[in-house]
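Enquirer: Quick one, structure for this:
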Amino acid sequence: MKKNLGILLIIIGAALQILATFVPAMGDLLDQNVYTAGAAVLIIAGLLVHIFVNKKLGVDED
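Expert: Model (predicted):
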């Protein structure tokens, strides 16, 4: 599960971005920029977590 944590964060960030774009009710709750910034933070954090965890665990280990 640790090996896939970064990918999971990226998927959650992308889903948040998709929801913020296509669901009009989310735009009414808060400013659209909050969702965009949150999604960007999740995607970048997920990418960094994926890189560092896989370097620490090694490529061949499960």
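Enquirer: So A14 is in contact with I43, correct?
Expert: Yes. Counting by CB atoms under 8 Å, A14 touches I43, with 6.7 Å between them. All C-beta spots, glycine's among them, are computed from the backbone N, C-alpha and C.
Enquirer: More neighbours: these two, which one.
Expert: Each of A14 and I43 has its neighbours counted (other CB atoms under 10 Å); I43 has more, 18 against 14.
Enquirer: show me what contacts Y35?
Expert: Y35 makes contact with L16, Q17, L19, A20, M26, according to CB atoms under 8 Å, 6 or more residues apart in numbering.
Enquirer: farthest-separated two in those?
Expert: Longest distance between any two of the contacts of Y35 is 10.7 Å, between Q17 and M26; criterion CB to CB.
Enquirer: buried residues in the longest helix anywhere in the chain?
Expert: Looking across the chain with DSSP state H, the single longest helix is helix 32-57. Under the neighbour-count criterion of 16 or more other CB atoms under 10 Å, helix 32-57 has Y35, G38, A39, L42, I43, G46, V49, H50 buried.
Enquirer: Make a markdown table from these and add distance to K2 to it.
Expert: Shown next, in a markdown table, are those (distance: CB to CB, whole Å):
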| residue | distance to K2 |
| --- | --- |
| Y35 | 28 |
| G38 | 23 |
| A39 | 23 |
| L42 | 17 |
| I43 | 19 |
| G46 | 13 |
| V49 | 9 |
| H50 | 10 |
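Enquirer: Closest one of those residues to N4?
Expert: H50 (8.5 Å).
Enquirer: per-residue pLDDT, K2?
Expert: K2 carries a pLDDT value of 73.
Enquirer: That one reaches L57, doesn't it?
Expert: Yes. With contact defined as CB under 8 Å, K2 reaches L57; the gap is 7.0 Å.
Enquirer: neighbouring contacts of stretch 8-15?
Expert: For stretch 8-15, contacts defined as CB under 8 Å, 6+ apart pick out G38, A39, A40, V41, L42, I43, A45, G46, L47, V49, H50.
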